[in-house]
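*Asks:* Would you be able to build a 3D model of this:
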Amino acid sequence: MKIPGLSFSLKRAIGVTAVKQKISKKTGIPSTKQGLERKIGGAVLKSIFRKKG
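*Replies:* Residues are numbered from 1 along each chain as shown. You can find the predicted model right below:
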């Protein structure tokens with residue numbers, strides 16, 4: 001039986017999550033699939049709609 005609002009993450013306990021966050025901040029590359037898709041999508045849209053002047 002689970003206690004509502006209480007969860008445990010082995011990755012977080014070991015410190016994997018913190019290391020991934022530090023690497024992401026230094027490189028500027030998101031560590032999540034969703035974040036990476038957003039970054040790539042934004043770059044593609046910028047290149048398409050860039051004003052040529």
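*Asks:* For Lys20, give me its contacts.
*Replies:* When contacts are counted by Cβ atoms under 8 Å, 6 or more residues apart in numbering, Lys20 is found next to Ser31. From N, CA and C alone the C-beta is placed, and that goes for glycine too.
*Asks:* Okay, it and Ile29: tell me how far apart.
*Replies:* Remark: distance between Lys20 and Ile29 (Cβ to Cβ, to the nearest Å) = 11 Å.
*Asks:* Pull the number of nearby residues for the closest residue to Ala18 other than its chain neighbours.
*Replies:* Once flanking residues are discounted, Ala18 sits nearest to Arg12: 8.0 Å by Cβ to Cβ, 6 or more residues apart in numbering. As a burial measure, Arg12 scores 11 neighbours (other Cβ atoms under 10 Å).
*Asks:* which is the next helix or strand following the helix or strand containing Arg12?
*Replies:* Under the criterion of DSSP states H and E, Arg12 resides in helix 10-14. The C-terminal neighbour of helix 10-14 among helices and strands, as given by DSSP H and E, is helix 16-27.
*Asks:* Now do that following helix: distance to the chain's middle.
*Replies:* Taking Cα atoms, centre = their mean, to the nearest Å, one finds the center of helix 16-27 at 9 Å from the center of the full chain.
*Asks:* Output that helix as CSV, nothing but the C-alphas.
*Replies:* Coordinates of each C-alpha in helix 16-27 appear next as CSV, following Å, rounded to 0.1, in the frame of the first residue of the first chain:
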residue,chain,number,x,y,z
VAL,A,16,22.2,10.8,-11.1
THR,A,17,19.5,13.5,-11.4
ALA,A,18,21.8,16.2,-10.0
VAL,A,19,24.7,15.3,-12.3
LYS,A,20,22.4,15.4,-15.3
GLN,A,21,21.1,18.8,-14.3
LYS,A,22,24.6,20.2,-13.8
ILE,A,23,25.7,18.9,-17.2
SER,A,24,22.6,20.4,-18.8
LYS,A,25,23.2,23.8,-17.3
LYS,A,26,26.8,23.9,-18.4
THR,A,27,26.3,22.7,-22.0
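*Asks:* Run through who's touching the helix or strand that that helix is followed by.
*Replies:* The first helix or strand that comes after helix 16-27 along the chain, using DSSP H and E, is helix 33-49. Outside of helix 33-49, the residues within contact range by Cβ under 8 Å, 6+ apart are Ser24, Ile29, Pro30.
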